[in-house]
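> Model the following, please.
(one chain, ligands or ions: 1)
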Amino acid sequence: MTEQQQFDLIVIGGGSGGVRAARISAGHGARVAICEESRMGGTCVIRGCVPKKLLVYASHFAEDFEAAQGFGWRLDEARFSWSSLIANKDREIDRLNQVYHRLLDNAGVTTFMGRGVLLDQQQVQVGEQVLHAEKILIATGGRPFVPAFPGSELAISSDEAFHLKELPKRIVVAGGGYIAVEFAGIFNGMGSQVRLDYRGDKILRGFDDDLRDRLEHEMQAKGIVINHHSQVADLKRKQNGALKVSYQDGTESEADQVMFATGRKPYTWNLGLDQAGIKTDVSGAIPVNVDSRTSEPHIFAVGDVTNRINLTPVAIREGHAFADTEFGNMPRQADHVLVPSAVFSQPPIGTVGYTEQQAKEKYGRLRIYKSSFRAMKHTLTDIQEKTFMKMIVDDATNVVVGLHIIGVDAAEIVQGFAVAVKAGLTKDHFDATVGIHPTSGEELVTLRDFEFAE
Ligand code: NDP
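Next up, the predicted model:
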């Protein structure tokens, strides 16, 4: 075995979690190899958070142009070019992809572009090469899941949505989670006719009910048709190229694209897990302990492949904690409690802590503060969109245990306030903080009216 093929750590998967683990481990002096079968950067950078947010910005201009008139601007008719947006977005993703390569090179990590397959507990095959290491980290992420039904191969997932040759005039979005509502908003803003079909009775299961209701209302007000208890049963390509969509309830519709956003599956197939003695759970994920260690003591896993909290910053923290523990002599664990998150729907959602339902079960008697208002940005316009804020306080301790916001800048506001919630601050701490006027965020330090809930 040559020197080059012997490492202290092999990382399989060059996404957010894998790259962070590789760089930090190398910084601690480990000899690290990383293999990636697609493009360095992973889901978030290449076909997830980053390009998605660029498309959200792009689509929101439609509303901004309309709003501009209220502020005295007169614009000639605005025209939108999907192909130039996609080309510009691709250029930015190429740039970030190069940044990832450079970061790894600068950290002294050896990169192998190819699929990594476990041969046993300490060997990984990449193409013709066999790499050997003391430890292996699996960070292969997840892949879109599309249920099987006749014609399902005609549907696209978010992966393909980023590369469509043209903007669909009519699109059906199936699903009611993060990706479904974000893409419904993107296509709607760009002028597509959007129909969202969700199998349940309220989108965004798992989020606070008030936010779910309000997002549905706002999406509908912007022109998105939301159908509940609606599931695609069959897709057929018509002669004119359009798709005939048949639903389980016997109804039909027609669309230029049908996008499935029905969840993602941990990417654990054809990875050689059997050869390494690792079993997956019912969701296909790799079970790990608090140190991200699998059932095999030399093999670890971080990020979406473990199906804990499937968010980029969480994967990064898991990867970093792994590297510090295993190679930096600084044992620590990633913290999965009170993780803030956002949905880049239109309007966006930001949330941290417990929903009202969860908080009732955990704490009992609560004080619920709510505020709903039209953001100042909209006051000179015809936009009727409302910002809504909800604070959940444990009545016994006065600690703020949940914050849920929908409206302009919700994600940015919650990122700041999440520090306070994570720190376990009380309502008194919020009240003692002077607001910044005029902002939406100041509402959170001036909330006075509440109702008890238990
Ligand atoms: P989600 O798990 O959020 O949502 C999946 C949706 O599809 C749910 O509404 C679910 O319904 C529905 N569904 C699942 N299976 C079927 C089926 N067989 N037929 C019909 N409907 C079905 O997954 P996403 O794909 O939206 O996102 C994947 C993950 O990516 C998320 O968990 C999230 O962690 C991450 N993500 C985060 C983002 C962010 O932070 N802003 C953005 C995008 C993704 P039901 O509710 O009934 O189960």
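> can you map out the helices along the stretch 351-454 of the chain?
Applying DSSP state H, counting those that start in this stretch to the stretch 351-454 of the chain gives helices spanning 356-363, 410-422, 427-432.
> and of the ones you listed, who's closest to the ligand?
Among the helices of the stretch 351-454 of the chain, the nearest to the ligand by Cβ to the nearest ligand atom is helix 410-422 (8.3 Å). Quick note: C-beta positions are derived from backbone N, CA and C, even for glycine.
> Relative to the whole chain's centre, how far out is that closest one?
From the chain centre to the centre of helix 410-422 is a distance of 17 Å (Cα atoms, centre = their mean, to the nearest Å).
> Might you enumerate the residues of the stretch 151-300 of the chain proximal to the ligand?
Residues of the stretch 151-300 of the chain lying close to the ligand (Cβ under 6 Å from any ligand atom) are 175-180, 182, 198-200, 205, 231, 261-264.
> Deepest in the core, which of the helices of the stretch 351-454 of the chain is it.
Among the helices of the stretch 351-454 of the chain, helix 410-422 has the highest mean neighbour count (mean count of other Cβ atoms under 10 Å), at a mean of 19.
> Average pLDDT for that one, rounded please.
Helix 410-422 shows a mean pLDDT of 98.
> Number the chain from 854, please
From this message on, residue numbering opens at 854, which makes the last subject helix 1263-1275.
> so what secondary structure elements neighbour that helix?
strand 1194-1196, strand 1202-1206, strand 1253-1259 (3 or more Cβ pairs under 8 Å, 6 or more residues apart in numbering; DSSP states H and E).
> Is it correct that Met1263 is in contact with Gly1203?
That one is not Met; residue 1263 is Ala. Yes - in this structure Ala1263 lies within contact range of Gly1203 using Cβ atoms under 8 Å: 3.8 Å.
> for the residues of the stretch 1004-1153 of the chain next to the ligand, which one is nearest the ligand?
Checking those against the ligand with Cβ to the nearest ligand atom, the nearest one is Gly1030 at 2.0 Å.
> on that earlier part again, now the buried members of the residues of the stretch 1004-1153 of the chain next to the ligand.
Gly1028, Gly1029, Gly1030, Tyr1031, Ile1032, Ala1033, Glu1035, Tyr1051, Ala1114, Thr1115, Gly1116, Arg1117 (16 or more other Cβ atoms under 10 Å).
> farthest pair in the residues you listed?
Put simply, by Cβ to Cβ the two of those set farthest apart are Tyr1051 and Arg1117, 16.8 Å from each other.
> Tell me, how many residues neighbour the closest residue to His1231 other than its chain neighbours?
The spatial neighbour of His1231 that comes closest, neighbours along the chain excluded (Cβ to Cβ, 6 or more residues apart in numbering), is Glu1238 at 6.1 Å. When neighbours are defined as other Cβ atoms under 10 Å, Glu1238 has 20 of them.
> Same check on Pro1150?
By other Cβ under 10 Å, the residues close to Pro1150 number 9.
> what's the spacing between stretch 1167-1184 and its chain's center?
From the chain centre to the centre of stretch 1167-1184 is a distance of 22 Å (Cα atoms, centre = their mean).
> contact partners of that stretch?
861-862, 868-878, 880-883, 988, 990, 992, 1144-1145, 1153, 1155-1157, 1159, 1161, 1185-1189, 1192 (Cβ atoms under 8 Å, 6 or more residues apart in numbering).
> Would you indicate which residues of that stretch are buried?
If you call a residue buried by 16+ other Cβ under 10 Å, then stretch 1167-1184 has these buried ones: 1167-1181.
> Ok, stretch 976-986 next?
The neighbour-count check on stretch 976-986 (16+ other Cβ under 10 Å) flags Gln976, Val977, Gln978, Val979, Leu984, His985, Ala986 as buried.
> Among the residues you listed, which lie within strands?
Gln976, Val977, Gln978, Val979, Leu984, His985, Ala986 (DSSP state E).
> Same list, those residues, but as CSV with distance to Glu1006 please.
Shown next, in CSV, are those (distance: Cβ to Cβ, whole Å):
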residue, distance to Glu1006
Gln976, 36
Val977, 32
Gln978, 30
Val979, 30
Leu984, 35
His985, 40
Ala986, 38
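> can I get those residues in TSV with pLDDT?
Listed next are these as TSV, based on pLDDT from 0 to 100:
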residue	pLDDT
Gln976	97
Val977	97
Gln978	96
Val979	96
Leu984	97
His985	97
Ala986	98
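> out of the helices and strands packed on helix 1263-1275, which comes closest to the ligand?
Checking those against the ligand by Cβ to the nearest ligand atom gives strand 1194-1196 as the closest, at 5.1 Å.
> Which strands or helices does the closest one pack on?
Judged by 3+ Cβ pairs under 8 Å, 6+ apart, strand 1194-1196 is in contact with helix 1031-1042, strand 1202-1206, helix 1263-1275.
> Give me the common contacts of Ala1263 and Gly1203.
Counting by Cβ under 8 Å, 6+ apart, the shared contacts of Ala1263 and Gly1203 are Ala1195.
> which residue packs closest to the residue of the stretch 1154-1303 of the chain found nearest the ligand, ignoring adjacent ones?
Nearest residue of the stretch 1154-1303 of the chain to the ligand (Cβ to the nearest ligand atom) works out as Asn1163 at 3.6 Å. Once flanking residues are discounted, Asn1163 sits nearest to Asp1157: 4.6 Å by Cβ to Cβ, 6+ apart.
> After the biggest helix by length in the chain, which helix or strand is next?
Looking across the chain with DSSP state H, the single longest helix is helix 935-960. Downstream of helix 935-960, the first helix or strand assigned by DSSP states H and E is strand 963-966.
> Report the buried residues of that following strand.
Residues of strand 963-966 classed as buried: Thr963, Thr964, Phe965 (neighbour count, 16+ other Cβ under 10 Å).
> Report the next helix or strand after it in sequence order.
Once strand 963-966 ends, the next helix or strand along the chain (criterion: DSSP H and E) is strand 969-971.
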